[in-house]
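[1] Give the three-dimensional model of this entry:
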Amino acid sequence: MTVTQLRANMDHWQERVDMAAAFRWTERLNMHEAVANHFSLAVNENGTQFLMNPNQMHFARIKASDLLLLDANDPNVMDQPGAPDPTAWGLHGSLHRRVPHARCAMHVHSIHATVLACLADSSLPPIDQNTATFFDRYVVDDGFSGLAFEEEGERCAAQFQDPKKKVMIMGNHGVMIIGDSVADTFNRMYYFERAAETYIRALQTGQKLRVLSDAIAEKTASELDDYPGQADRHLAELKAILDEEGSTYAG
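    Sure, this is the predicted structure:
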């Protein structure tokens, strides 16, 4: 089946709508980068078939019906009409081929997460509730070697083997967030950017940071891991706002 035929397949409609809403809201938060960056969502049991944004389409225009349906095990994807962005395929194809628990993946170059990724020490200390959310739940990639074509994508995917680690701070690059659903992943991406902003702004004061103990940081992170329904409600509210505005995202 060609990419064009897969794109014409409008199965997984609710998943498409959720993805389109996430694209629209990411642009509204200015967490996108021109017509780069990409999100994907697995739609079959083993995670190898996935929805992804079309090649270089602005997040502010993406609709549910625009999303590509791709097969991570198809060696001919990039040779077909309507092929995805090659770096998107390199990163997301590798993830969905190698990391079945990465049901959804969102890659952005959002400002504060990218600033964090540019520091010699890209770790995120737990200095407030948002930063504590990610205590022992991220990996830092120190191996940036250029654009994320398939070889780079395979290397990045290998760093997501621990299911507890759902954020990759991509040194000299940006951030990759994975999760169980669009809502779960978008919520995590949103809060990681907020956490990175808090940390960067705290560093700018030049004053000593008030860092939480490991025990309190882990307790906070665990409590937030189990907090009921927040991610789903977050996305539902964003879709409600888009609907009230007459947005075309669900088209």
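[2] Could I get the contacting residues of the one residue sitting closest to the centre of the chain?
    With distances taken as CA atoms, centre = their mean, the residue of the chain nearest its centroid is Met106 (1.6 Å). The contact partners of Met106, taken as CB atoms under 8 Å, 6 or more residues apart in numbering, are 22, 26, 39, 176-178, 185-186, 189. Heads up, the C-betas are built off the backbone N, CA and C, glycines and all.
[3] Any chance of CSV for those, columns neighbour count and secondary structure?
    Formatted as CSV, the contacts of Met106 follow (neighbours: other CB atoms under 10 Å; DSSP: H, G, I helix; E, B strand; the rest coil):
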residue, neighbour count, secondary structure
Ala22, 27, helix
Thr26, 23, helix
Phe39, 28, strand
Met176, 27, strand
Ile177, 26, strand
Ile178, 24, strand
Thr185, 26, helix
Phe186, 26, helix
Met189, 27, helix
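[4] I'd like those laid out as a markdown table, including distance to Gly246 and pLDDT.
    Shown next, in a markdown table, are the contacts of Met106 (distance: CB to CB, whole Å; pLDDT from 0 to 100):
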| residue | distance to Gly246 | pLDDT |
| --- | --- | --- |
| Ala22 | 19 | 98 |
| Thr26 | 19 | 98 |
| Phe39 | 23 | 98 |
| Met176 | 33 | 97 |
| Ile177 | 29 | 98 |
| Ile178 | 32 | 98 |
| Thr185 | 26 | 98 |
| Phe186 | 22 | 98 |
| Met189 | 26 | 98 |
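[5] would the residue nearest to the centre of the chain count as being in a strand?
    Yes: remark: Met106 belongs to a strand, assigned using DSSP: H, G, I helix; E, B strand; the rest coil.
[6] which one of the contacts of Met106 is nearest Asp162?
    For those, the minimum distance to Asp162 (CB to CB) is 11.3 Å, reached by Ile178.
[7] wait, the closest one sits on His92?
    No: Ile178 lies out of contact with His92 (CB atoms under 8 Å); the separation is 10.4 Å.
[8] What ranges does the stretch 1-150 of the chain have for its helices?
    Assigned by DSSP state H, counting those that start in this stretch, the helices in the stretch 1-150 of the chain fall at 3-8, 13-28, 86-88, 94-98, 111-118, 129-132, 150-157.
[9] Which one of the contacts of Met106 is nearest to Gln230?
    Proximity of the contacts of Met106 to Gln230, judged by CB to CB, is greatest for Phe186, which lies at 11.5 Å.
[10] For Phe135, see how far away the closest one is.
    Distance, Phe186 to Phe135, using CB to CB, to the nearest Å: 21 Å.
[11] re the thing from before, overlap in contacts of Ile178 and His92?
    Taking CB under 8 Å, 6+ apart as the contact rule, Ile178 and His92 both touch Ala105.
[12] Quote the end-to-end distance of stretch 239-251.
    Start and end residues of stretch 239-251 are separated by 13 Å (CA to CA, to the nearest Å).
[13] For it, what is the distance to the chain centroid?
    Put simply, stretch 239-251 sits 21 Å off its chain's centre (CA atoms, centre = their mean, to the nearest Å).
[14] quick one on the thing from earlier: now for the contacts of Met106: which two are most distant?
    Maximum pairwise distance among these (CB to CB): 15.6 Å, between Thr26 and Ile178.
[15] And the strands in the stretch 151-251 of the chain?
    167-170, 174-179 (DSSP state E, counting those that start in this stretch).
[16] and of those, who's closest to His96?
    strand 174-179 (10.2 Å).
[17] Listing partners with orientation, what would you give for the closest one?
    Within its sheet, strand 174-179 is paired with strand 104-108 (antiparallel), strand 167-170 (antiparallel), according to DSSP bridges.
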